[in-house]
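In: Sequence first, predicted coordinates after that:
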Amino acid sequence: MGNSKRITMQAAAELVKNGSSLTFSGFTIWRRPIAFVFELIRQKKTGIHLIEVNGGPQTEFLVGAGCVDVWESCWVGHELYGKYGANLSRKVGTKEIIVEDYSHAEMMFRFSAAASGAPYAVTQTSLGTDIHNPEYDMLGRAGRRDGKRVAKKKYIFAEDPFFDAGQVVLIPAVKVDVAVLCVQQVGEEGTVRVGGQYYSDPEACRAADVTIVVAEEIVPEEYLRRNADQNTIPSFEVDYIVECPYGAHPTGMFGRYDVDGAFLKDFYANTRTQEGFDAFAKEWVFGLDHIAYLEKLGWARMLKLRANTALNYSPRR
Amino acid sequence: MGNSKRITMQAAAELVKNGSSLTFSGFTIWRRPIAFVFELIRQKKTGIHLIEVNGGPQTEFLVGAGCVDVWESCWVGHELYGKYGANLSRKVGTKEIIVEDYSHAEMMFRFSAAASGAPYAVTQTSLGTDIHNPEYDMLGRAGRRDGKRVAKKKYIFAEDPFFDAGQVVLIPAVKVDVAVLCVQQVGEEGTVRVGGQYYSDPEACRAADVTIVVAEEIVPEEYLRRNADQNTIPSFEVDYIVECPYGAHPTGMFGRYDVDGAFLKDFYANTRTQEGFDAFAKEWVFGLDHIAYLEKLGWARMLKLRANTALNYSPRR
Amino acid sequence: MSEYASPEEYNLADLLCCAASREVRNNEIVFAGTGLPMVAIMLGQKTHAPNLKLIFEAGTLDGRPPELPTSVGDARCETGASRSSGLNDAFSIAQRGLVDLGYLGGAEIDKYGNVNTTCIGNYLEPDLRLTGSGGNPDINSFSKRTVFIMVHEKRRFVENVSYITSPGWRVKKWPGGEWVHRRELYGSAYQGGPSAVISTAGVFRFDEHDGHMYLDTYHPGKTVEEVKSLCQFDLDVSRVKGETAPPTREELRIIHEVLDPDEIFIPKNKPKA
Amino acid sequence: MSEYASPEEYNLADLLCCAASREVRNNEIVFAGTGLPMVAIMLGQKTHAPNLKLIFEAGTLDGRPPELPTSVGDARCETGASRSSGLNDAFSIAQRGLVDLGYLGGAEIDKYGNVNTTCIGNYLEPDLRLTGSGGNPDINSFSKRTVFIMVHEKRRFVENVSYITSPGWRVKKWPGGEWVHRRELYGSAYQGGPSAVISTAGVFRFDEHDGHMYLDTYHPGKTVEEVKSLCQFDLDVSRVKGETAPPTREELRIIHEVLDPDEIFIPKNKPKA
């Protein structure tokens, strides 16, 4: 049933236009579509409006490469392999990028609202913090609040009219053009089965107008449909699928491979300057396709990251 | 780890006080905690404020027995085995019960808001219908809107201030004292694994202040924790657990037994009058415990309902 | 397409089911209520729309039940589904605007397609309390097109329904209650509205501009005048196309041999006495 | 409890970890950030609080990782968990008021317990952009008690943080920005607030009434005056109880042999040169 949604990585990256708003699957240094991000960089995208529940290496690659215009999120770094996002930090300093800060739960609830078709969400998180400081509405300051893809206001304060619960803050749903998910399995018709924590993937998928799934493997739909209650995202929410084993490297993939900490440490060290980033990108992104990238990483390195089937991770001892 | 949360059905029903607000697992004629409801009836509860995403036989039993004061929901019936809720319908006519109508999605979103700790939800469903007719705010008419357990208003109209999406309606989160779930498996520490569609169970559970889980079987926690991504509700959201095989009969249980349509038809037919209901309750509820109820149903009947393991239902042919 | 059946080979339920099934287009996402709507969609799936994606509000998404479910919460719904989840997902998908077609029923309908499933008579002193809304208004609010399947009696096709459970093309803007076009009220959530009513008398459609119902086709054996007389409101019959196409023999075979052999929703045609 | 270790047997990270682990009580629901907070909670779980329930914001609920996760998104978090899901669940659970204790870190803190992890200097022209909030404000907003683990330097314990990322006992009421007690702002969502700061110099607590931080215990080798001099604000030392209890040998064994044998977050103590 249904036509295959398979496309190539190159064709998938071409679906992201300059100026598009974009989001990703995963959490900090786990299940990020890095191979896809590398292809975006090779295609020299510009003006990307990146809207992420949280950031990570994928953010730092895109920001370092100059693809990103606006970053709306709450956190970027490489966990213990790099304590903050050095590319982003540098470009905030030079004002080459607009950063709009929300809290983590606010970002999550903004995606949940969008995934549910609601124009905004109601929350009581982060009251009293500078996240709500009206002076710090950076998209507003930049004149970008058109009320179409960017909400007219960053937030609105209200009082709960039903139970006198106190102050609430209204936060606008995100408007995302393209979501790119990196997962273990996708069926030919688009059914996604995520292994382990699904983070904010289901909401990211449905919030976006177009969803591309990059999977370790494309499997027969019939296999996934034998256990519908183990699937994460329904077929019709996925527009395109790409098979790309190790497509999340250097980030990790539950049940498949661990985070490549050494790679991230090296990347982070190189992002302290633009020259460092450029050299790193020249070595690892430009002039390589995904197979060449894997060849360069080599078997020993990748086998060491391989998850043990019984444990779902690569044991340290 | 952890003390067992096991209690008896009788002790579980005693947790529901007269005047409590109450909700259930399941959907129309599936996975309703009927054995628990029978025990509530035997304990002659009164003044129950029933808040349900949707109703079903459990509603009709409680309403028929005079336990329910207020019913907030959107639908009651027995699907094809009884076209509407005859007890409720009769008691609406005689004004023995207050019915507050929301739409199905509104009820769901009210539970989602409560489960997320938000005071209200924002939606655009059912605009222009009489569900939003201010004259039909029945709890308001009854002077029950205290702003504590019952919201000060049934709904509030607003305009979307972020994207000019048009009219929105704000609907208050539900406030539920006790949720009673009827599921296939629960662990000793409270972890719930629902088989098949989970309906609105996770939200019902977390919305309530106290959750009681009635399960076909109590299984070792360790068994459920081998596959955390197949579990539905985390341990700490469940306060008490009761083992009660066939506890959902005559409603169905995915993977275990089908709906007992003949039983429901018979029940529905008897609910056309109060005398009919009373006679039915005398025969099937009062003076029986759960084992006596199963004996009365008999093996032939129950084996016919038994779900085929490969199919998760009892095939008709 | 196989040849049309002759009148003695089918009954009204067959005709309704077939007419309803023809409303779905291939590749559409369809949100169905319990009963005849379920059979109609599954018939579409087995004839001209094999790639339709079926959503049931209890939480099964893109399911392919091999045996007819008795309701949307049925264990049978899950077989072959892409994902099984719950109501929050189903209604969120609808509000997100992903649904092409909703299939529903109703007890009363007015000329704008407002449908009542809540009560007969004054809501505050009802003559009869019915089931209540269920997901009828929600599916209808967000689908690009909605099809209603109804029993046609004059008391059901009324000037004003007792209670607007599910929104038609012209609805009430609260808190004031003034009548407005649905488009004005729903803003950017506007997707469409009722596109057809398949009754036991005929097939009705709507002028999306003024929101009025009109007769599209009358069922075999009925006349335009007869259908008109079965409506309390003044039915527009100016655009009538003719008779409703009857079931084909292949459709009847699928209904009675494949989908509903046990006559759960659709009785087999009994030869007239 | 096994005997206390002597100063040469542990380092500051050990001390922080042990002091932090003692903040948790048995049976509590604990929401932890990545790093030292994780090790501290797991140490509590293996000593006096075996029934604590651990939540990680990436979506694992009541997990029992046998090998230390490097972050909350790690595959290791899921082992033995009651449920694995996602961020919406984790933050909804927090906002629902189910969390007893949150464990967090920070770059700067003021006397009210307001914490900054966003930037150093003027937000509009920052000297240094940091990671951003992550879940710090969210976990802190809704936990009954919050424990912060911090490096103690005078530039970090400041009169006013550069940016209030995470709310302390007195916060700013927007849009005006006037300082109010947290209780006034959070209304019925108010659950509590920062209950302890475990720094590399001492353990600090808060007067919930006026919201001021005070010194509870100073770490072995420090003096009250030394700790006071490490704060830009005027630290209340009137309630100091004495020295922080050092790690026990059993706690050190658990940290270095069971929880973090690979020194991912806590280096082993090197004999002083």
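Out: Yep, it's here.

In: In terms of pLDDT, where does A:M1 sit?
Out: pLDDT recorded at A:M1 is 43.

In: Can you verify my assumption that A:G187 contacts A:S235?
Out: Yes: using C-beta atoms under 8 Å, A:G187 is in contact with A:S235, at 7.0 Å. Every residue, glycine included, has its C-beta placed from N, CA and C.

In: Show me which residues of chain A sit near chain B.
Out: Contact residues (C-beta under 8 Å from any C-beta of the partner chain) of chain A with chain B: A:109, A:113, A:116-124, A:147-148, A:151-153, A:156, A:160-165, A:168, A:170, A:172-173, A:175, A:195-198, A:229-230.

In: Next, the contact list for the closest residue to chain D within the stretch 101-250 of chain A, please.
Out: Closest approach of the stretch 101-250 of chain A to chain D (C-beta to the nearest C-beta) occurs at A:G166, with a separation of 1.6 Å. Shown in contact with A:G166 (C-beta atoms under 8 Å, 6 or more residues apart in numbering or on different chains): A:Q124, A:E159, A:D160, D:L185, D:Y186, D:G187, D:S188, D:A189, D:Y190.

In: Overlap in contacts, A:G187 and A:S235.
Out: Taking C-beta under 8 Å, 6+ apart as the criterion, A:G187 and A:S235 both touch A:E221, C:S82.

In: Smallest gap between the stretch 51-200 of chain C and chain B, at which residue?
Out: Closest point on the stretch 51-200 of chain C to chain B, by C-beta to the nearest C-beta, is C:G187, at 1.6 Å.

In: And the pLDDT for residue 5?
Out: Picking chain A for this. 97.

In: was after chain C, sorry
Out: In this prediction, C:A5 has a pLDDT value of 95.

In: separation between it and C:P246?
Out: Per C-beta to C-beta, to the nearest Å, C:A5 is found 6 Å from C:P246.

In: Tell me how many other residues crowd the residue in chain C that chain D sits nearest to.
Out: Closest approach between chain C and chain D, counting by C-beta to the nearest C-beta: C:N88, at 10.5 Å. Using other C-beta atoms under 10 Å in any protein chain shown, C:N88 has 23 neighbouring residues.

In: one step back: which among the contacts of A:G166 end up buried?
Out: Among the contacts of A:G166, the ones that count as buried by 16 or more other C-beta atoms under 10 Å in any protein chain shown are A:Q124, A:D160, D:L185, D:Y186, D:G187, D:A189, D:Y190.

In: and the nearest residue to A:I51 once chain neighbours are set aside, what does it touch?
Out: Counting by C-beta to C-beta, 6 or more residues apart in numbering or on different chains, A:I51 lies nearest to A:E72, which is 4.6 Å off, once chain neighbours are set aside. By C-beta under 8 Å, 6+ apart, the residues touching A:E72 are A:H49, A:L50, A:I51, A:E52, A:V99, A:E100, A:Y102, A:M107, A:L139, A:V174.

In: Recalculate using a threshold of 10 Å.
Out: Shown in contact with A:E72 (C-beta atoms under 10 Å, 6 or more residues apart in numbering or on different chains): A:21, A:23, A:49-52, A:98-102, A:107, A:110, A:138-139, A:150, A:154, A:174.

In: Is stretch A:184-197 positioned near chain D?
Out: Yes: judged by C-beta under 10 Å from any C-beta of the partner chain, stretch A:184-197 comes into contact with chain D through A:V194, A:G195, A:G196, A:Q197.

In: what sits against residue 255?
Out: Picking chain A for this. A:184-185, A:194-196, A:216, A:307-309, A:311-313, D:75, D:78.

In: oops, chain C please
Out: Per C-beta under 10 Å, 6+ apart, neighbours of C:I255: C:10, C:13-14, C:17-18, C:21, C:39-40, C:42-43, C:46, C:247, C:261, C:265-266, C:268.

In: And the strands in the stretch 1-150 of chain A?
Out: Taking DSSP state E, counting those that start in this stretch, the strands of the stretch 1-150 of chain A run over residues A:21-24, A:48-51, A:68-73, A:98-101, A:120-123.

In: name the element C:T217 belongs to?
Out: Per DSSP states H and E, C:T217 falls inside strand C:213-218.

In: Determine how far the next helix-or-strand element following that strand lies from the middle of the whole chain.
Out: Downstream of strand C:213-218, the next assigned helix or strand under DSSP H and E is helix C:224-229. Computed by C-alpha atoms, centre = their mean, to the nearest Å, the separation of helix C:224-229 from the middle of its chain amounts to 21 Å.

In: Also stretch A:13-25?
Out: Distance of stretch A:13-25 from the chain centroid (C-alpha atoms, centre = their mean) equals 11 Å.

In: What is the end-to-end distance of it?
Out: End-to-end distance for stretch A:13-25, by C-alpha to C-alpha, to the nearest Å: 15 Å.

In: How about stretch C:94-103?
Out: Span of stretch C:94-103 from end to end, C-alpha to C-alpha: 13 Å.

In: ok, now stretch C:85-100?
Out: End-to-end for stretch C:85-100, by C-alpha to C-alpha: 20 Å.

In: For it, buried residues please.
Out: Neighbour counts over stretch C:85-100 (16+ other C-beta under 10 Å) mark C:85-96, C:98-100 as buried.

In: Which pair of these spans the longest distance?
Out: Across the buried residues of stretch C:85-100, the longest distance by C-beta to C-beta is 21.7 Å; it joins C:G86 and C:D100.

In: Please tell me how far the strand or helix carrying the residue of chain C closest to chain D is from the chain's geometric centre.
Out: Using DSSP H and E, C:N88 sits within helix C:87-95. Centroid separation between helix C:87-95 and its chain, computed with C-alpha atoms, centre = their mean, is 19 Å.
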